[in-house]
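Participant: Using only what follows, build the 3D model:
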Amino acid sequence: MKLGGGLVVPALLAVSGACWSQGWSPQKNVEIVASSVPGGSLDKTARTMERILSNSKLVHSTLAVMNKAGGGGTIATTYVSQRPGDPHYLLIAGTGMLTNHILGASKLTYTDFTPIAMLVNDYVVMAVNAASPIKSGKDLAERLRKNPQGLAIGFANAFGSTRHISTALLIKAFGGNPRELKTVVFKGSAEAITAVLGGHIDVVSVGATNATVHVAAGKMRIIGVGAPQRFAGVLADAPTWKEQGVDLVSGTWRGIVGPKDLAAAQVAYWESAIGRMVQTAEWKEELERNYWFNDYMPSTQFRKELEKDYADTKAVLVDLGLARQ
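Facilitator: Numbers count the residues shown, from 1 in each chain. Coordinates of the predicted model:
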């Protein structure tokens, strides 16, 4: 899913004036909808986007972040889907849009929205207590091969979540059966981390940014990174899975979608504004601060990626016995 924004943004910049001159621009307040509470990762993305688009004058109407948390993301998706053809509503979308449909938790999926742009990928890390005898991905693989039920692996939110999927993909890459894992679900990543630090579980699957404080304090060790390359800063010493001979890149993408049936000129307007946004120094600083990777894609490429990601995600959830679609 990795594609550098530099390959496509210059073209967008060249045509941005043309797109804006075609007659459409926001005619009222624009709502940027996040399915998380204030402070959550989707909310952070929404507020960063709102701030940069406003401060850099990339959008001349007012913008407001709307938090529609609950229902595993279904409240937010339903809210935006009820406004077909209205480009004044933008949803910060993530992998949950796909998994909720596959799991049968929502009737809505990516085909019920207009893809506008992929933004970032929040890659998963596998971590253990610093005192754990598990020192590397090889150690983890050997322990799981000998006794899949002998290690408790924790992650946030729900069975079938992106963290669960990353864990299942890792076990498959090790040659194991994901259904044999001893998994523990927590309400949030903070609880899962507390459990591994307290010795209540053996391994935790979390987003990289959630682990940095504990790694810096010497309380937690990263045994494998699901990113295509190493992180910088505090996590610079943590090896990727590929470095350890495991063919795995796994994370949670975040992008922008609008309601269904947006006109081409409306999509072009937002595509252009967001294409400029991801080139700003402020946006790049935010990526570095949160350990997010730039995965910018414009609308057409984003749509194709969604089709592929839906099929890949469904295959994993079928393996886990969780797919309902």
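Participant: buried ones in stretch 49-62?
Facilitator: For stretch 49-62, burial by neighbour count (16 or more other CB atoms under 10 Å) applies to M49, E50, R51, I52, L53, L58, V59. C-beta coordinates here come from the backbone N, C-alpha and C atoms, glycine included.
Participant: Kindly report the same for stretch 290-309.
Facilitator: Residues 290-299, 301-303, 305-306, 309 are the ones in stretch 290-309 that count as buried (16+ other CB under 10 Å).
Participant: And the strands in the stretch 51-200 of the chain?
Facilitator: Along the stretch 51-200 of the chain, counting by DSSP state E, counting those that start in this stretch, strands occupy 63-67, 89-94, 113-129, 152-156, 182-186.
Participant: Could you provide the ones you listed in JSON lines, with additional columns for distance to L103 and mean neighbour count?
Facilitator: Below are these laid out as JSON lines (distance: least, CB to CB, whole Å; neighbours: other CB atoms under 10 Å):
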{"stretch": "strand 63-67", "distance to L103": "23", "mean neighbour count": "16"}
{"stretch": "strand 89-94", "distance to L103": "14", "mean neighbour count": "26"}
{"stretch": "strand 113-129", "distance to L103": "18", "mean neighbour count": "26"}
{"stretch": "strand 152-156", "distance to L103": "15", "mean neighbour count": "23"}
{"stretch": "strand 182-186", "distance to L103": "13", "mean neighbour count": "18"}
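Participant: In helices only, show me the buried residues of stretch 49-62.
Facilitator: Per DSSP state H, helices hold the following members of the buried residues of stretch 49-62: M49, E50, R51, I52, L53.
Participant: How about the third one, nearest residue that isn't a chain neighbour?
Facilitator: The reference is to R51. E282 (7.7 Å; CB to CB, 6 or more residues apart in numbering).
Participant: secondary structure element for the one you found?
Facilitator: Assigned by DSSP states H and E, E282 belongs to helix 281-290.
Participant: Isn't G40 up against K68?
Facilitator: No. Judged on CB atoms under 8 Å, G40 makes no contact with K68 at a distance of 11.6 Å.
Participant: Break the protein down into its domains, please.
Facilitator: In terms of domains, the chain is parsed into 5-121+251-319, 124-244 (source: automatic domain parsing).
Participant: possible to save those as a markdown table with mean pLDDT and distance to Q325?
Facilitator: Shown next, in a markdown table, are the domains of the chain (pLDDT from 0 to 100; distance: least, CB to CB, whole Å):
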| stretch | mean pLDDT | distance to Q325 |
| --- | --- | --- |
| domain 5-121+251-319 | 89 | 5 |
| domain 124-244 | 91 | 12 |
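Participant: what's the offset of stretch 132-140 from the middle of its chain?
Facilitator: Put simply, stretch 132-140 sits 26 Å off its chain's centre (CA atoms, centre = their mean, to the nearest Å).
Participant: What about the buried residues of stretch 290-309, which are in strands?
Facilitator: Among the buried residues of stretch 290-309, the members falling in strands are F293, N294, D295, Y296, M297, P298 (criterion: DSSP state E).
Participant: can you list these in CSV and add distance to G104?
Facilitator: Below are those laid out as CSV (distance: CB to CB, whole Å):
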residue, distance to G104
F293, 30
N294, 33
D295, 28
Y296, 32
M297, 28
P298, 31
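Participant: Out of the residues you listed, flag the one nearest to A105.
Facilitator: The nearest member of these to A105, counting by CB to CB, is D295 at 25.0 Å.
Participant: Give me the buried positions along stretch 317-325.
Facilitator: Within stretch 317-325, the residues that count as buried by 16+ other CB under 10 Å are L317, D319, L320, L322, A323.
Participant: Make CSV from the residues you listed and add distance to L181 and secondary structure to it.
Facilitator: Shown next, in CSV, are those (distance: CB to CB, whole Å; DSSP: H, G, I helix; E, B strand; the rest coil):
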residue, distance to L181, secondary structure
L317, 14, helix
D319, 11, helix
L320, 9, coil
L322, 13, coil
A323, 17, coil
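Participant: Can I get those in TSV including distance to P133?
Facilitator: Output for the buried residues of stretch 317-325, formatted as TSV (distance: CB to CB, whole Å):
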residue	distance to P133
L317	32
D319	29
L320	28
L322	31
A323	35
